[in-house]
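[1] I'll drop the sequence and a predicted model, then ask my questions.
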2 protein chains.
Amino acid sequence: MSEYPKTGKNRIRQAPQRATYDEKTVHAILDEGYIAHIAFDDEGAPAIIPIYYIRDGARLLIHGSRKARIFRRLASGIPLALAVTHLDALVMARSAFHHSMNYRSVILHSSAQTLEGEAKARALDLFVERLEEGRSKQTRPTNKTEDKATMVLAIPIKNVAAKQRSGGPVDDAEDMSLPVWAGLVPIETRLGDPEQD
Amino acid sequence: MSEYPKTGKNRIRQAPQRATYDEKTVHAILDEGYIAHIAFDDEGAPAIIPIYYIRDGARLLIHGSRKARIFRRLASGIPLALAVTHLDALVMARSAFHHSMNYRSVILHSSAQTLEGEAKARALDLFVERLEEGRSKQTRPTNKTEDKATMVLAIPIKNVAAKQRSGGPVDDAEDMSLPVWAGLVPIETRLGDPEQD
């Protein structure tokens, strides 16, 4: 079992029993998502953006408009924190206090590097492949103008930890006989039937 | 139609046609979510956390353990950026470039204030009510020890903007006859059948 190294930046202090640094778990959580949230400093104030991402080995790839100021800011290599979160269930307990959520999340601290040339072209294919396998061979390829307008950034997966909760409510022993419904309300997320344009 | 004021901090520069400051839209997006991502500075480095939130009028409420270092940091009133994002569909275009996502998101820049006493007790009820109406009357109430261990923070909704995309792919005229499937793949999120503990 391969693990991402523990560093000063990714050690989970709060509820550490829910944390893992296992590569397989980290990658599985990342591979299920489409949208990451990225936090960074924007001229002295915290900023956050939701963004489409894909995983390519031990890095994440994002892309955006060269015109977007905050995208150019990320491209400059400033420190960033990135989170991907899946909410799996509402955890309904017998006591107000023990209500919780089942979730799987990954948080990492890294910085972005701009991709150009071959690496960029390959990444642009991967963004389409993530949506449907084989699709990058079918769609009209990116032309020069579009390529010029687009930036592709790679974010190495490092200082990373996954955190997850699963299972039912954990109530206090003396509350177990209270006449309150307790259990899980699953949150189901799935792809629906495609709607042709 | 009531709008949140435009400030230097919430004007959407990128794809401004997708932005709105309309209170009703902002609130509707916030009311549908359970998890927000909060970005803040953690001793000179950007930090991000996913967290359960509820809306209470023109503010959001979050709660967490008094022992959690980063929660205490938020409670100190430092600047924060907060995002709630719903992904509605993958937008499949005829060209690689015009692939997109349908989404609804809210981003705000604010800071947190600690709630105590009556205001805190009311908030703790609201956290449970959000999961199921009437539930705060059924569950065993928070006791003194639990109350002491919990912090409740209020985050005024300000410097806020919603951004959304809907509808099908927008391909270039010359690509419309390409033999590529184009349309929407909806992302469906719903509460599943409750599973009793």
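    Here it is on my side, so go on.

[2] which residues in chain A form helices?
    Secondary structure of chain A, counting by DSSP state H: helices at A:23-32, A:69-75, A:117-129, A:144-149.

[3] Go through these and find the least confident stretch.
    Among the helices of chain A, helix A:69-75 carries the lowest mean pLDDT, at a mean of 93.

[4] next one: that one to chain centre, how far?
    Helix A:69-75 sits 19 Å away from the centroid of its parent chain (CA atoms, centre = their mean, to the nearest Å).

[5] For it, buried residues please.
    By neighbour count with 16 or more other CB atoms under 10 Å in any protein chain shown, helix A:69-75 contains the buried residues A:70, A:71, A:73, A:74, A:75. Backbone N, C-alpha and C define where each C-beta goes, glycine included.

[6] just those residues that are near chain B?
    A:70, A:71 (CB under 8 Å from any CB of the partner chain).

[7] related to what we said a few turns ago, relative to residue A:160, tell me which of the helices of chain A wins on proximity.
    helix A:23-32 (5.7 Å; CB to CB).

[8] close to chain B, is the closest one?
    No - judged by CB under 8 Å from any CB, helix A:23-32 and chain B are separated, with a smallest distance of 11.8 Å.

[9] From the rest of the structure, what touches that helix?
    With contact meaning CB atoms under 8 Å, 6 or more residues apart in numbering or on different chains, helix A:23-32 is reached by A:1-4, A:20, A:53, A:55, A:60, A:84, A:86, A:104-106, A:157, A:160-162, A:164.

[10] ok so, going back, can you tell me which of the buried residues of helix A:69-75 lies nearest to residue B:11?
    Using CB to CB, these come closest to residue B:11 at residue A:70, 12.5 Å.

[11] Please tell me how far the residue of chain A most remote from its centre sits from residue A:170.
    Most distant residue from the mean C-alpha position of chain A: residue A:177, 39.1 Å away (CA atoms, centre = their mean). Per CB to CB, to the nearest Å, residue A:177 is found 16 Å from residue A:170.

[12] Pick out the residue closest to the middle of chain A.
    residue A:84 (2.3 Å).

[13] Quick check: bridge partners of that one?
    Per DSSP bridges, the residues bridged to residue A:84 are residue A:106.

[14] I'd like to check which residues are in contact with it.
    Shown in contact with residue A:84 (CB under 8 Å, 6+ apart): A:29, A:30, A:33, A:35, A:36, A:37, A:53, A:105, A:106.

[15] among these, who's most crowded?
    residue A:37 (29 neighbours; other CB atoms under 10 Å in any protein chain shown).

[16] so what's it bridging to?
    Applying DSSP bridges to residue A:37 gives these bridge partners: residue A:50, residue A:83.

[17] In contact with it, which residues?
    Applying CB under 8 Å, 6+ apart to residue A:37 gives the contacts A:48-51, A:82-85, B:37, B:39, B:48, B:50, B:83, B:85.

[18] so which of these comes closest to residue A:146?
    residue A:51 (18.4 Å).

[19] ok, now which ones touch the closest one?
    With contact taken as CB under 8 Å, 6+ apart, residue A:51 is in contact with A:35, A:36, A:37, A:38, A:62, A:64.

[20] count of residues packed around the closest residue to residue A:135 other than its chain neighbours?
    Of all residues not flanking residue A:135 in the chain, residue A:128 sits nearest, at 5.0 Å (CB to CB, 6 or more residues apart in numbering or on different chains). Residues lying near residue A:128 (other CB under 10 Å) number 24.

[21] thinking again about what came up before, want to throw the contacts of residue A:84 into JSON lines with distance to residue A:141?
    Converted to JSON lines, the contacts of residue A:84 look like this (distance: CB to CB, whole Å):
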{"residue": "A:29", "distance to residue A:141": "31"}
{"residue": "A:30", "distance to residue A:141": "27"}
{"residue": "A:33", "distance to residue A:141": "26"}
{"residue": "A:35", "distance to residue A:141": "25"}
{"residue": "A:36", "distance to residue A:141": "26"}
{"residue": "A:37", "distance to residue A:141": "30"}
{"residue": "A:53", "distance to residue A:141": "22"}
{"residue": "A:105", "distance to residue A:141": "35"}
{"residue": "A:106", "distance to residue A:141": "32"}
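
[22] out of those, who's nearest chain B?
    Within those, the smallest distance to chain B is 4.0 Å, found for residue A:37 (CB to the nearest CB).

[23] tell me the pLDDT at that closest one?
    98.

[24] what's the answer for residue A:1, then?
    On pLDDT, residue A:1 comes in at 66.

[25] Strands of chain A, start to end?
    A:19-20, A:35-42, A:45-56, A:59-65, A:80-92, A:100-110, A:113-115, A:150-156, A:160-165, A:183-191, A:195-196 (DSSP state E).

[26] who touches residue A:61 in this structure?
    Shown in contact with residue A:61 (CB under 8 Å, 6+ apart): A:53, A:54, A:55, A:115, A:123, A:126, A:127, A:152, A:153, A:154, A:155.

[27] Now do the contacts for the residue nearest to residue A:158 when sequence neighbours are not counted.
    Leaving aside its chain neighbours, residue A:158 sits nearest to residue A:110 (5.3 Å; criterion: CB to CB, 6+ apart). Taking CB under 8 Å, 6+ apart, we find residue A:110 in contact with A:79, A:80, A:82, A:155, A:156, A:157, A:158, A:159.

[28] quick one: residue A:86 and residue B:115, what's the gap?
    Distance, residue A:86 to residue B:115, by CB to CB: 29 Å.

[29] before we move on, what about residue A:184?
    Separation of residue A:184 from residue B:115 (CB to CB): 28 Å.

[30] repeat for residue A:135
    Separation of residue A:135 from residue B:115 (CB to CB) stands at 49 Å.

[31] Which of the two has more residues huddled nearby?
    Neighbour count, other CB under 10 Å: between residue A:135 and residue B:115, residue B:115 has more, with 21 against 18.
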